[in-house]
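1. Quick one, fold the following:
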Amino acid sequence: MTGKTIVVTGATSGIGLEAAEQFARQGAFVIGVGRSAVKNQQAVEKIRKTNPKGEVVYLLADLAHQSQVQALAGIIHSVLAEHGFSNLDILINNAGVYLEKKQKSEDGIEMTFSVNHLAPFLLTHALMPLLESSTNPRVLTLSSYSHRNTPINLKRIANPRPYFGLLAYKRSKLCNILFTYELNRRSQALLALAVDPGLVNTDIAIKGGRGISALVWRRRRLKGTSANVPVKTLLYLAGESQIDTSHSYYFRDCHAITPSRNARRMDLGKNLWTLSNRLTGIS
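-> Sure, this is the predicted structure:
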């Protein structure tokens, strides 16, 4: 990882924080992204406490707002230039939300879909010139095994009615894999990979409200692994010069596994891409 440049979204806790810390420890220049200035500072202090020589910068952005995602891309470009870099080697789209009750972003889009899919779609697009300047760029997007057996209707995904928090989350994770497959079909300049972290002991469902999902998750997460486990897969996918994707672009525990049938549908991937272009204003 020495000399590599890494961007990690959702980097103030859980998998994102662990990834930022481990990449910095291995010599990468890390840009972490969080939506809380206080938590950003705490993350920087934690990383530098265990690794005083680690090169890490944290940026403030709320990925629920497309205007902030666009601004973030510009700031990342400036930060890299200030530190002598002209390219981005690895983008880790980790930030995600689980919401018990329906909310809409300032762009009028259901929040789970907006943060979990449209934000990484837009950020990846905005950072493409930096990624294409790298010799072996990777885009790693955190998905979930929960995408399996999930129905999806793209005509209603931006404003689903009725709204079910778990279903909205599962659909967004399916979109992460569809995005990964379609990005590989459309770009020869980089490698996109989706990562299944497995069951991890994080606060994701607790942050989204105090309903039944939060109650269930408080118990369920106790059976999960530490964030260190999925980060091993991120390190592997970021560090290996050659990744065998002949079987799949979807990885868990450093091995390619087969995602659901829907996740591999070319028609869904193409239609989701077209919809995402329209919702983010990308021509």
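2. Checking my notes, Gly198 in a helix, right?
-> No. Applying DSSP: H, G, I helix; E, B strand; the rest coil, one finds Gly198 to be coil, outside a helix.
3. In this structure, what residue spans correspond to strands?
-> Using DSSP state E, the strands of the chain run over residues 5-9, 29-34, 55-60, 90-93, 138-142, 191-195, 250-252, 255-256.
4. Include mean neighbour count, distance to Leu17 and mean pLDDT when you put the ones you listed into CSV, please.
-> No exception for glycine: its C-beta is placed from N, CA and C like everyone else's. Formatted as CSV, those follow (neighbours: other CB atoms under 10 Å; distance: least, CB to CB, whole Å; pLDDT from 0 to 100):
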stretch, mean neighbour count, distance to Leu17, mean pLDDT
strand 5-9, 28, 9, 98
strand 29-34, 27, 8, 98
strand 55-60, 18, 10, 97
strand 90-93, 28, 12, 98
strand 138-142, 25, 13, 98
strand 191-195, 25, 16, 98
strand 250-252, 23, 20, 96
strand 255-256, 14, 24, 96
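5. would you turn those strands into JSON lines with distance to Asn228?
-> Listed next are the strands of the chain as JSON lines, based on distance: least, CB to CB, whole Å:
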{"stretch": "strand 5-9", "distance to Asn228": "15"}
{"stretch": "strand 29-34", "distance to Asn228": "16"}
{"stretch": "strand 55-60", "distance to Asn228": "18"}
{"stretch": "strand 90-93", "distance to Asn228": "15"}
{"stretch": "strand 138-142", "distance to Asn228": "15"}
{"stretch": "strand 191-195", "distance to Asn228": "14"}
{"stretch": "strand 250-252", "distance to Asn228": "15"}
{"stretch": "strand 255-256", "distance to Asn228": "17"}
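6. For Glu100, which of those strands is the nearest?
-> strand 138-142 (20.4 Å; CB to CB).
7. Residues in contact with that closest one: which ones?
-> With CB atoms under 8 Å, 6 or more residues apart in numbering as the test, strand 138-142 has contacts from 15, 89-94, 96, 120, 124, 131, 176, 179-180, 183, 190-195, 197, 230, 234, 237-238.
8. Which strands border that strand, and is each parallel or antiparallel?
-> strand 90-93 (parallel), strand 191-195 (parallel) (DSSP bridges).
9. Include distance to Asn159 when you put the ones you listed into CSV, please.
-> Listed next are the strands paired with strand 138-142 as CSV, based on distance: least, CB to CB, whole Å:
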stretch, distance to Asn159
strand 90-93, 23
strand 191-195, 25
